[in-house]
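Trainee: below are the sequence and a predicted model; questions follow.
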Amino acid sequence: MDKAPAVGRIDVISDAICPWCYIGKRQLERALDLLAAQHLSFTVAWHPFQLNPDMPSGGVERQQYRIAKFGSLERSRQLDQRITEAAAAVGLEFHLDRLTRTPNTVNAHRLIRLGGQRGVQDGVVEALFKGYFCDGRDIGDPDVLADLGAAGGLERDEVRTMLAGDSHTKEVLAGDQMARNAGIQGVPSFALQGHVLFSGAVPAEEMAPSFRRAWDVLKNRAA
């Protein structure tokens, strides 16, 4: 069956270190398949949000950071186990025990924005999520970002050149602030044609009808 031409755009506001954003990506992919069966196709664009906007540029040691954030190592491990089980339910194999640092994600968002300009944004987002949550890579490390950018479809030299300068930084920070100004406090958040619909890794069977209803409302308004 030929894919129907895109009728609109779904925007995803996310952070590269948000596990629920990776789980939400899988749910969105399933929702898009359900919508395609109804002859509705949408493009998808990813936008920045920093869960830790005050994170030092070099990141911090993960275990001590999470102990400070959640009160104890045991509590941190319980949360990691819950997330790992939720990821497994959508076919993702998380290995959070491999993570040693919690990074600043501005450079990861710069990479995602470059991916959008080059038409490979989904591949870059997927590579970042997989690298971090499944392989335990430090996505604050420029060498790691060059590897993951190349895995996502970008030219490694272009990624290195971008990271060595400040291109896309202003836009990433502005996008993060725009999300906060719009009242977004948690990610993933999903919008259709600029209208924020819901936040969280909602099951595909709930996602698809929400997008369908919102699209019908917007289409009728424009009629």
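Mentor: Yes, it's here. Every value quoted in this text rests on a predicted model; they were computed, and no experiment measured them. Residues are numbered from 1 along each chain as shown.

Trainee: show me where the chain has its strands.
Mentor: 6-14, 41-48, 60-61, 101-102, 189-192, 195-199 (DSSP state E).

Trainee: what sits up against the second one?
Mentor: By Cβ atoms under 8 Å, 6 or more residues apart in numbering, the list of residues contacting strand 41-48 from outside reads 3-15, 28, 32, 35, 105, 109, 112-113, 116, 121-122, 125, 172, 175-176, 179, 192, 211. C-beta here means a position set from N, CA and C on the backbone, and glycine is covered the same way.

Trainee: and that strand, how far out from the chain's middle?
Mentor: Chain-centre distance of strand 41-48: 10 Å, with Cα atoms, centre = their mean, to the nearest Å.

Trainee: quick one on the thing from earlier: pick the most deeply packed of the strands of the chain.
Mentor: Comparing these by mean neighbour count (mean count of other Cβ atoms under 10 Å), strand 189-192 comes out on top with a mean of 22.

Trainee: quick one: strands adjacent to that strand?
Mentor: Strand pairing for strand 189-192, using DSSP bridges, gives strand 6-14 (antiparallel), strand 195-199 (antiparallel).

Trainee: just the CA trace of that strand, in CSV.
Mentor: Provided in CSV are the C-alpha atoms of strand 189-192 (Å, rounded to 0.1, in the frame of the first residue of the first chain):
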residue,chain,number,x,y,z
SER,A,189,5.1,16.5,24.8
PHE,A,190,3.3,16.1,21.5
ALA,A,191,1.8,18.9,19.4
LEU,A,192,-0.2,18.9,16.1
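
Trainee: where's residue 102 relative to residue 142, distance?
Mentor: Distance of residue 102 to residue 142, given as Cβ to Cβ, to the nearest Å: 17 Å.

Trainee: sketch out the low-pLDDT regions of the protein for me.
Mentor: Counting by pLDDT under 70, the ranges of the chain that qualify are 1-3, 223.

Trainee: residue 39 and residue 65, how far apart?
Mentor: For residue 39, the distance to residue 65 - Cβ to Cβ - is 47 Å.

Trainee: which of those two has more residues huddled nearby?
Mentor: residue 65 (16 against 11; other Cβ atoms under 10 Å).

Trainee: which residues does the residue nearest to that one when sequence neighbours are not counted contact?
Mentor: In this structure, residue 65 finds its nearest non-sequential neighbour in residue 102, 5.0 Å apart by Cβ to Cβ, 6 or more residues apart in numbering. Listed by Cβ under 8 Å, 6+ apart, the contact set of residue 102 reads 17, 52, 55, 59, 60, 61, 62, 65, 66.

Trainee: can we see that at 6 Å?
Mentor: 59, 60, 62, 65 (Cβ atoms under 6 Å, 6 or more residues apart in numbering).

Trainee: in the protein, which spans are helices?
Mentor: Counting by DSSP state H, the chain has helices at residues 19-36, 62-70, 73-88, 106-117, 121-129, 142-151, 156-164, 169-181, 204-222.

Trainee: and those as JSON lines, adding distance to residue 96?
Mentor: Listed next are those as JSON lines, based on distance: least, Cβ to Cβ, whole Å:
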{"stretch": "helix 19-36", "distance to residue 96": "8"}
{"stretch": "helix 62-70", "distance to residue 96": "9"}
{"stretch": "helix 73-88", "distance to residue 96": "4"}
{"stretch": "helix 106-117", "distance to residue 96": "17"}
{"stretch": "helix 121-129", "distance to residue 96": "13"}
{"stretch": "helix 142-151", "distance to residue 96": "17"}
{"stretch": "helix 156-164", "distance to residue 96": "25"}
{"stretch": "helix 169-181", "distance to residue 96": "24"}
{"stretch": "helix 204-222", "distance to residue 96": "24"}
